[in-house]
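**Student:** pasting a predicted model and its sequence here:
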Amino acid sequence: MTQAHGSTGEAQGPMAWLYDSRLRSIVAQTLVVGAIAWTFWYLATNTQANMAKRGMSTGFDFVFGTAGFDISWSLFEVKAGATYFEIYQVGIVNTLAVSVLSIVFATLLGFFIGIMRLSSNWLVARIAGWYIEILRNTPLLLQVFFWFIGVFTGLPAPRQSYQPIEGFVLNNRGFFLPAPVPGELFWMTAVAAAVAVAGAMLLHRWARARQAATGERFPSLLVGIGVVIALPGLVFLATGSPLDWNIPKLRGFNFVGGMTVPPAFCALLLALSVYTSCFIAEIVRAGIQSVSHGQTEASYALGLKPGWTMRLIVIPQAMRAIIPPLISQYLNVTKNSSLAVAIGYPDLVAVWMQTSLNQSGRAIEIVATTMLFYMSCSLFISLLLNIYNRRMQLRER
C-alpha cells in the first residue's frame, strides 16, 4: 500500500529547507551578520565621502605631532611641547588614578555604612539611612561642584594654610605632602616588600587550608601584617635607610617642593567615593540580609563572638550576592570620572576629547580611542570581578 505524497516525515520539494530548523538558524544568522556588516560599511564609506568633500583628513598620523597646550597636573612629568600621544597617556593615567582610588574608598566606606544600617542601635541605623537617602538622590555633578566650590575653593590662602602635621598642608591651592626621594639601594627594600606580600598571601592560603582540614585557626592576618612590615623594615635599616623626603615649604605666595594634589582631584575623589558608597552600602545590606538567620544563630550557639560571626560566616556567604551588582558600581565609577571636565581636572575627556579634538580636528579618531579606553577598563574590571565571583560561588561535591 503506497503512502500519499507529503505524508512522509521529511518534506519534499524546493521549499524543504524551511522545515530544517538547523538550516533556518544558519540562514537567519548569516542574514543578521550581513546586515550588520553592510550597516558598518555604509556608515564608514558615507563618513569618509563626506569628510573628503570637506577636505578633512583621517588617520592617526597626528598623534606624534606637537600639541599646542600644556597639562596643568600629571602624575608624571610632561615637558613642554608634548605630543598628542603623550597627552593621551596623561589623560589615561589621571583618569585611572582618580578611578582606582575612588573604587577603594567607596568600597571601604560602603561596607562600613551598609553594616551600620543593619545595626540594632536606632541612632546608628538612622544616621546610615539618612546618609544613603540624601546622597544617592542628589545628582553626582552637584556633589562634584559642592566639594570643589563649596569646600576646597573656600579653604584659606597658602599663608593661612591648615598644617596639622609638618609637611602636610591644605589650602585653596591644593593638598601638599612630602615626596619620597629614594636612594641607590632603595630597590632592595622594594623587592623585600614584594617578597613579604607574596609570603603573606601564601601564608593566608595555607592557614585557610589548615583550618578547613583540622578546624584550627591560625592568626594569618596578624602574622602577615607583621611579615609585610618587618621584612622590608629590616632591609631598609640594613641598607642604611636609603630614602629621603622632599618637604613642601612656603616660598612667596605658594608652597614649593613635595607632592601637590590639586583641589579638582580632591573634589572629584570625594564626590565619586561618597556617591558610590551609598549604592555599595545598599548592596552590602541586601547581601547580608540574604544570608539565613540560622547561620548567625548557629554561630552564636557555637560560642562565636558577633564580630567573628560577621567576618567569618556572614560576609563570606553574602559576597556571593554582593559581587555581581558591585561590578556595575565599579564600572560606573570609571565612567562617572568623566565629570572631571566640569571642574577642570585634566582627565582623558578634558585633555583628549576636548582640547586635543579642538586643536587637531580628528573627531573620529579621538572619539574612537576614548571609547576604546573606557570599554577596555570596563571589560578588565568585569573580568577580574567575574573571576573572583566564580571562586566565591558554591561548588558541588
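**Tutor:** Right, received. Where do you want to start?

**Student:** which of the helices and strands in this protein ranks last by mean pLDDT?
**Tutor:** Every helix and strand of the chain was ranked by mean pLDDT, DSSP states H and E. The lowest is helix 306-308, at a mean of 78.

**Student:** check which helices and strands the helix or strand just after it sits against.
**Tutor:** Downstream of helix 306-308, the first helix or strand assigned by DSSP states H and E is helix 315-336. Applying 3 or more Cβ pairs under 8 Å, 6 or more residues apart in numbering; DSSP states H and E, one finds that helix 315-336 makes contact with helix 84-117, helix 263-289, helix 363-392. (Each C-beta comes from the backbone N, C-alpha and C, glycine too.)

**Student:** from the ones you listed, which stretch is densest packed?
**Tutor:** Ranked by mean neighbour count, these are led by helix 263-289 with a mean of 23 (mean count of other Cβ atoms under 10 Å).

**Student:** burial of residue 225, as a residue count?
**Tutor:** 13 (other Cβ atoms under 10 Å).

**Student:** what residues of the helix or strand harbouring it count as buried?
**Tutor:** Residue 225 is part of helix 220-238, with elements assigned from DSSP H and E. Neighbour counts using 16 or more other Cβ atoms under 10 Å place 220, 224, 227-228, 231-232, 235-236 of helix 220-238 among the buried residues.

**Student:** out of those residues, flag the one nearest to residue 299.
**Tutor:** Using Cβ to Cβ, residue 220 is the member of the buried residues of helix 220-238 that sits closest to residue 299, with 20.0 Å.

**Student:** work out for me the element the residue nearest to the closest one when sequence neighbours are not counted sits within.
**Tutor:** Among residues not flanking residue 220 along the chain, residue 207 sits closest, at 3.6 Å (Cβ to Cβ, 6 or more residues apart in numbering). Assessed by DSSP H and E, residue 207 sits inside helix 186-214.

**Student:** helices or strands up against that helix?
**Tutor:** For helix 186-214, the elements it packs on are helix 220-238, judged by 3+ Cβ pairs under 8 Å, 6+ apart.

**Student:** quick check: angle from the helix it packs on to helix 186-214?
**Tutor:** Orientation of helix 220-238 against helix 186-214 (axes from the mean of the first three to the mean of the last three Cα atoms, to 10 degrees) gives an angle of 160 degrees.

**Student:** would you mind writing the CA trace of the next helix or strand after helix 220-238 as CSV?
**Tutor:** Per DSSP H and E, helix 220-238 leads on to strand 243-246 as the next helix or strand towards the C-terminus. Below are the C-alpha coordinates for strand 243-246, written out as CSV (Å, rounded to 0.1, in the frame of the first residue of the first chain):
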residue,chain,number,x,y,z
LEU,A,243,65.1,57.2,51.5
ASP,A,244,64.8,61.0,51.9
TRP,A,245,61.7,63.2,51.9
ASN,A,246,61.2,66.5,50.0
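
**Student:** contacting residues around strand 243-246?
**Tutor:** Identification of contacts with strand 243-246 by Cβ atoms under 8 Å, 6 or more residues apart in numbering yields 167, 178-183, 186, 189, 236, 257-258.

**Student:** low-scoring stretches of the chain, by residue?
**Tutor:** Residue ranges of the chain with pLDDT under 70: 1-18, 51, 55-57, 394-397.

**Student:** report the residue ranges of every domain in it.
**Tutor:** Domain ranges of the chain: 84-145+258-392, 181-243, per automatic domain parsing.

**Student:** picking that back up, redo the buried residues of helix 220-238 as JSON lines? Include distance to residue 62.
**Tutor:** Putting the buried residues of helix 220-238 into JSON lines (distance: Cβ to Cβ, whole Å) gives the following:
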{"residue": "220", "distance to residue 62": "53"}
{"residue": "224", "distance to residue 62": "50"}
{"residue": "227", "distance to residue 62": "51"}
{"residue": "228", "distance to residue 62": "46"}
{"residue": "231", "distance to residue 62": "49"}
{"residue": "232", "distance to residue 62": "45"}
{"residue": "235", "distance to residue 62": "47"}
{"residue": "236", "distance to residue 62": "47"}
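
**Student:** so which of those comes closest to residue 110?
**Tutor:** Nearest to residue 110 among the buried residues of helix 220-238: residue 224, at 24.4 Å, using Cβ to Cβ.

**Student:** how far away is the closest one from residue 144?
**Tutor:** Counting by Cβ to Cβ, to the nearest Å, the gap from residue 224 to residue 144 is 38 Å.

**Student:** before we move on, the earlier item: out of the contacts of strand 243-246, which are inside strands?
**Tutor:** Residues of these located in strands (DSSP state E): 179-182.

**Student:** highest neighbour count among the residues you listed?
**Tutor:** Result: residue 179 is most packed of those (other Cβ under 10 Å), 15 neighbours.

**Student:** re the thing from before, can you lay out the domains of the chain as a markdown table showing distance to residue 29?
**Tutor:** A markdown table is the format used below for the domains of the chain (distance: least, Cβ to Cβ, whole Å):
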| stretch | distance to residue 29 |
| --- | --- |
| domain 84-145+258-392 | 24 |
| domain 181-243 | 45 |
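
**Student:** compare these and give me the one nearest residue 250.
**Tutor:** Of these, nearest to residue 250 by Cβ to Cβ is domain 84-145+258-392, at 11.3 Å.

**Student:** ends of that closest one, what's the gap?
**Tutor:** End-to-end distance for domain 84-145+258-392, by Cα to Cα, to the nearest Å: 43 Å.
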